[in-house]
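Asks: whatever this is, show me its structure:
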Amino acid sequence: MTDEAVVESIIERIERGNFWDFHGGIHPPQQKFLTQDKPIRQLTLPKQLVIPIQQNIGQAGEILVTVGQQVLKGQPLTKAVNPMAVPIHAPTSGKVTSIKRAVIAHPSGLSELCIFLLPDGEDRWRERELCADHQLLSKTTIIEKIANAGIAGMGGAGFPTHIKANTKRAVNYLIINAVECEPYITADDLLMTEHSASILEGIDILDHLLEPAFILIGIEDNKPQAIKVLQQACKGNERIKICILPTKYPTGGEKQLIMALTGQEVPAGVLPNSLGIVMQNVATCFAIAEAVIHDKPLIKRVVTVTGQALTKPQNVWCLLGTEVDFLLNQCGYQKPTKQHIIMGGPMMGFSLPNTQVPIVKISNCILAPSDTEIAKEQKEIECIRCGQCADVCPSQLLPQELQWSAKAKDHHQLEKLNLFDCIECGACAYVCPSHIPLVHYYRIAKA
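Replies: You can find the predicted model right below:
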């Protein structure tokens, strides 16, 4: 069967709503009701912004500003010095008060170099050049605009977007990841509901760059309003397929979504573009439209601030560099007996050492659970070799063997067991009757 015939047969199956399934997965309580019916809220300016100079996979840029300097909103604070670096920008106008190390949004709790910005309250933009029709721009110019805007994958990976958008291979499928499968998080759901036009503009720009045969928007069936809005927005474009998938965690993982939509398994160590597939998150599509059409760099994002320790859980437009403490106060944080703030969702997120940690490009959720939401501390006991972790692993790994090798610091065996295929979804730890924090072992081993 030719490649064209394979693509057509896959599309026929998609049009019938007959999707593939991936190995494993779980069905944890969704808890999205806390924020999914509330409009995205605009916040006041924080008193201080702490902006890490590296917010993507790859390398940090070169710092362009000095202490005491006044900057304008959207002004570059760093410049990229190689293709795997993306710049950061001033989220508002103000004064650079210091450049020093501070605790960043990372499971390690380590400090990295950050730029401290004192907003002046004027929110003055640098000069911008608007683009009425991106079709008039060359592909090279569009790629430059995306790179200069500092866009990195906003679904969590933080891979520089201009590299994925500049593949030279033939693309069969541009997959737009609108799944947002982790419990509690509704940032992408609300973004689609309120800003579908801008997301479609971003998809149109990617379509212009990549020229895919088909565009597949993967979304779970627990987002009825977003589905309705997208279907209406895409009406008349036969190359865009809205793919409504059954709710299952972690369908939003890159390899898992590719399997669900195309039936293709991405081998270990192989990038999806070698299979003719490019994937982008819906929030990344929105950022692309903002950059190319409105000349706005990536300086804010939608963040779900949720959990039953909040009196006003909601989605907010959050400037990058905003400290978590500010968000908690804006959403009515009622400190429980045991404070436990998580950046990210309950499955893939990590506990914060303090609430001065800043929001970065890949931060989609702050979870503030109440005492009743926090599981009682369970002492880790020895593995009983039940095999449940292997049953639910979406990457078809051997979690218990990985854990043994991680404890033994047997790096050679960890490589043989494909440790880096682990997407840290937490499904294994979720079902473990021995209460072993498996993902923690994997993260340490990877580091």
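
Asks: how about low-confidence regions in this structure?
Replies: Per-residue confidence for the chain (pLDDT under 70) gives these ranges: 1-5.

Asks: so which residue is smack in the middle of it?
Replies: What sits nearest the mean C-alpha location of the chain, by C-alpha atoms, centre = their mean, is residue 155, with 1.8 Å.

Asks: surely that residue touches residue 285?
Replies: No - counting by C-beta atoms under 8 Å, residue 155 stays clear of residue 285, with 10.6 Å between them. From N, CA and C alone the C-beta is placed, and that goes for glycine too.

Asks: check contacts around the residue nearest to the centre of the chain.
Replies: When the contact criterion is C-beta atoms under 8 Å, 6 or more residues apart in numbering, the partners of residue 155 are 177, 252, 281, 283, 284, 362, 364.

Asks: quick one: stretch 100-112 to chain centroid distance?
Replies: Distance of stretch 100-112 from its chain centroid, counting by C-alpha atoms, centre = their mean, to the nearest Å, is 19 Å.

Asks: for the nearest residue in space to residue 422 that is not next to it in sequence, grab the count of nearby residues.
Replies: Leaving aside its chain neighbours, residue 422 sits nearest to residue 442 (5.2 Å; criterion: C-beta to C-beta, 6 or more residues apart in numbering). Residue 442 sits with 23 neighbouring residues when counted by other C-beta atoms under 10 Å.

Asks: go on, residue 236?
Replies: For residue 236, using other C-beta under 10 Å, the count is 6.

Asks: swap in residue 263?
Replies: 15.

Asks: same deal with residue 421?
Replies: 15.

Asks: ok, the residue nearest to the centre of the chain to residue 135 distance?
Replies: Counting by C-beta to C-beta, to the nearest Å, the gap from residue 155 to residue 135 is 27 Å.

Asks: how would you label residue 318: helix, strand or coil?
Replies: Three-state assignment for residue 318 (DSSP: H, G, I helix; E, B strand; the rest coil): strand.

Asks: contacts only, for residue 280.
Replies: With C-beta under 8 Å, 6+ apart, residue 280 has these contacts: 153, 161, 164, 165, 174, 175, 176, 177, 206, 288.

Asks: let's see 7 Å
Replies: Listed by C-beta atoms under 7 Å, 6 or more residues apart in numbering, the contact set of residue 280 reads 164, 176, 177, 206.

Asks: swap in residue 323?
Replies: Residue 323 touches 46, 50, 355, 356, 357, 358, counting by C-beta under 7 Å, 6+ apart.

Asks: so of those residues, which ones are in strands?
Replies: Among these, the members found in strands (DSSP state E) are residue 50.

Asks: out of the contacts of residue 323, who's nearest residue 347?
Replies: Proximity of those to residue 347 (C-beta to C-beta) peaks at residue 357, which lies at 19.2 Å.

Asks: that closest one contacts residue 102, correct?
Replies: No - contact criterion C-beta atoms under 7 Å: residue 357 and residue 102 do not qualify, at 8.5 Å.

Asks: looking at these two, which one has more neighbours?
Replies: Between residue 357 and residue 102, counting by other C-beta under 10 Å, residue 357 is the more crowded of the two (23 against 18).

Asks: pretty sure the residue nearest to residue 422 contacts residue 424?
Replies: Yes - using C-beta under 7 Å, residue 442 makes contact with residue 424 at a distance of 6.4 Å.

Asks: check contacts around residue 398.
Replies: Counting by C-beta under 7 Å, 6+ apart, residue 398 makes contact with 390, 417.

Asks: so how far is residue 189 from it?
Replies: If you measure residue 398 against residue 189 using C-beta to C-beta, the figure is 34 Å.

Asks: helices of this protein, start to end?
Replies: With DSSP state H as the criterion, the chain has helices at 3-15, 139-148, 161-164, 187-210, 224-233, 254-262, 282-294, 324-330, 388-392, 399-407, 411-416, 427-431, 438-446.

Asks: what packs against the first one?
Replies: The elements that helix 3-15 packs onto, with contact taken as 3 or more C-beta pairs under 7 Å, 6 or more residues apart in numbering; DSSP states H and E, are strand 240-245.

Asks: which elements pack onto the strand it packs on?
Replies: Judged by 3+ C-beta pairs under 7 Å, 6+ apart, strand 240-245 is in contact with helix 3-15, strand 214-220, helix 224-233.

Asks: highest mean neighbour count out of these?
Replies: strand 214-220 (a mean of 24; mean count of other C-beta atoms under 10 Å).

Asks: what angle do helix 3-15 and that one make with each other?
Replies: Following axes from the mean of the first three to the mean of the last three C-alpha atoms, to 10 degrees, one obtains 30 degrees for the angle between strand 214-220 and helix 3-15.

Asks: run the chain-centre distance for strand 214-220.
Replies: With C-alpha atoms, centre = their mean, you get 16 Å for strand 214-220.

Asks: with stretch 183-191 instead?
Replies: Relative to its parent chain, stretch 183-191 has a centroid offset of 11 Å by C-alpha atoms, centre = their mean.

Asks: show the end-to-end separation of that stretch, please.
Replies: Taking C-alpha to C-alpha, to the nearest Å, the first and last residues of stretch 183-191 lie 17 Å apart.

Asks: now swap in stretch 288-303 and tell me
Replies: For stretch 288-303, the first-to-last residue distance is 18 Å (C-alpha to C-alpha).

Asks: before we move on, what about stretch 74-81?
Replies: 19 Å.

Asks: list the buried residues for that stretch?
Replies: For stretch 74-81, the neighbour count (16 or more other C-beta atoms under 10 Å) marks 74, 75, 76, 77, 78, 80 as buried.

Asks: for it, the distance to its chain's centre please.
Replies: That offset, for stretch 74-81, works out to 22 Å (C-alpha atoms, centre = their mean).

Asks: I'd like the contacts of residue 280 as CSV, with neighbour count appended.
Replies: Below are the contacts of residue 280 laid out as CSV (neighbours: other C-beta atoms under 10 Å):
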residue, neighbour count
164, 22
176, 29
177, 27
206, 25
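
Asks: make a markdown table out of these and add distance to residue 434.
Replies: Below are those laid out as a markdown table (distance: C-beta to C-beta, whole Å):
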| residue | distance to residue 434 |
| --- | --- |
| 164 | 39 |
| 176 | 39 |
| 177 | 33 |
| 206 | 44 |
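
Asks: can you get me a residue count around residue 264?
Replies: Neighbours of residue 264 (other C-beta under 10 Å): 18.

Asks: check the one 10 residues further on too.
Replies: By the other C-beta under 10 Å criterion, the neighbourhood of residue 274 contains 11 residues.

Asks: what's the spacing between it and residue 130?
Replies: 37 Å.

Asks: ok, residue 236 next?
Replies: To residue 130, residue 236 is 26 Å away according to C-beta to C-beta.

Asks: now do residue 286
Replies: From residue 286 over to residue 130 the distance is 17 Å, taken as C-beta to C-beta.

Asks: alright, that wraps it up for me.
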